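Asker: have a look at this fold, sequence not included:
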Ligand code: ZN
């Protein structure tokens, strides 16, 4: 796999760089302007910051009556899209946060291959979303809490590392896992 040198900087935090949010206001209903004024931060801290943004999208989804799951697509240290679940709102079984975020990111960069992209999602992706990440050729997945019932990264299936696939996705799990899981638990507890 070709590695974008800028992306290496992102992972290692080796260079100072300014990161500006995408100008599309629909992606940033909660805040605008510069997300981070300086670069680098260590990648663990970056991961937590981007996961916080995914959590904001998850909370927005909850306010619309959706299952609170949020996703963010980051390319070269810049957020190119973010989304919460929209299955009920759109009456769409494929309306998971990751799918919507991937679609919006592809439209934003005008390429359905999101080479070098990192997807942040609050909960371990399902089989559909993991499959879409393979199709989009993302470089990295960062997720919060495991999903014992439908997770397709390691809980129920291990789609991203299936031996027959020649695309590999780097995976980091457990980022803000407690917050991500608590959001989901309280959502379902309130409905029992
Ligand atoms: Zn999914």
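Answerer: Happy to help now that I have it. Since we're looking at a predicted model, the values are computed, not measured.

Asker: now the residue sitting nearest the centre point of the chain: phi and psi?
Answerer: Most central in the chain under C-alpha atoms, centre = their mean is residue 120, positioned 2.4 Å from the mean C-alpha point. Dihedral angles of residue 120 (phi, psi; degrees, to the nearest 10) stand at phi -110, psi 130.

Asker: just confirm residue 144 contacts residue 172, I think it does.
Answerer: No. Using C-beta atoms under 8 Å, residue 144 is not in contact with residue 172, being 10.2 Å away. The way it works is simple: take the backbone N, C-alpha and C, and place the C-beta from them, glycine included.

Asker: okay, the two: which has more neighbours?
Answerer: Between residue 144 and residue 172, residue 144 has the larger neighbour count (other C-beta atoms under 10 Å), namely 28 against 15.

Asker: tell me the secondary structure for that one?
Answerer: With DSSP: H, G, I helix; E, B strand; the rest coil as the basis, residue 144 sits in strand.

Asker: the ion contacts on the protein?
Answerer: Those residues of the chain that sit near the ion, judged by C-beta under 5 Å from the ion, are 96, 126, 128, 129.

Asker: try 8 Å this time
Answerer: Taking C-beta under 8 Å from the ion as the contact definition, the chain meets the ion at 69, 96, 97, 98, 99, 125, 126, 127, 128, 129, 130, 150.

Asker: just how off-centre is the longest helix seen in the chain within its chain?
Answerer: Scanning the chain for the helix with the most residues, using DSSP state H, yields helix 43-63. Remark: helix 43-63 is offset 8 Å from the chain centroid, using C-alpha atoms, centre = their mean, to the nearest Å.

Asker: and after it, which helix or strand comes next?
Answerer: Later in the chain than helix 43-63, the nearest helix or strand by DSSP states H and E is strand 70-75.

Asker: within the sheet, what are the partner strands of that next one, with directions?
Answerer: Partners of strand 70-75 in the sheet, by DSSP bridges, are strand 78-84 (antiparallel), strand 118-123 (antiparallel).

Asker: so residue 67 makes contact with residue 89?
Answerer: No. At 11.2 Å, residue 67 does not count as touching residue 89 under the criterion of C-beta under 8 Å.
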